[in-house]
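**Q** sequence and predicted structure below; questions after.
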Amino acid sequence: MRDVRVVGAAIIKDGKLFAAQRPGSKEVGFKWEFPGGKIEEGETPEEALKREIREELSTEIEVDRFITTVSYTYPTFHLSMAVFLCHLTGPEPTLSEHVACAWLTADQLSSIPWAPADYQILDEIKKVCFPS
């Protein structure tokens, strides 16, 4: 089983969290996720996250801080995802790889079907992104 190391962005704007819906695929088709992607050779996680957001969403972010790392084993690979709190420094995201997106309040987070790895960290995301 292959190991996949990725990064994810918990992007906050005006008290809402950005979520993106994946296109169809075997493991996580049409599930929602924190956008991001694979870390390339020689990149820091933060550099990879900025590059992925630029490529996938045609916008820029600032990485504010590390939130958590989640490990999850899908049927065909093991995922290790470092998630960072971020904010937009560019225009509204434009989808190129995802099929939908939404800005969600804390109460709306459980209303969509998250990819299993992303679902595992929703409680931690709520604490960081929506402090009481």
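**A** Cool, got the structure.
**Q** which pLDDT value belongs to the residue nearest to the spatial centre of the chain?
**A** Relative to the mean C-alpha position of the chain, the nearest C-alpha, by CA atoms, centre = their mean, is the one of F34, at 1.8 Å. As summarised for this prediction, F34 has a pLDDT of 97.
**Q** which ones are touching it?
**A** The contact partners of F34, by CB atoms under 8 Å, 6 or more residues apart in numbering, come to G8, A9, A10, I11, F18, A19, A20, V83, D118, I125. All C-beta atoms are positioned from the backbone trio N, CA, C, and that covers glycine.
**Q** what about 6 Å?
**A** With contacts defined as CB atoms under 6 Å, 6 or more residues apart in numbering, F34 is in contact with G8, A9, A10, D118.
**Q** for the helix or strand hosting I12, packing partners?
**A** For I12, the element it lies in under DSSP states H and E is strand 2-13. For strand 2-13, the elements it packs on are strand 36-38, helix 45-57, strand 77-88, helix 122-129, judged by 3 or more CB pairs under 6 Å, 6 or more residues apart in numbering; DSSP states H and E.
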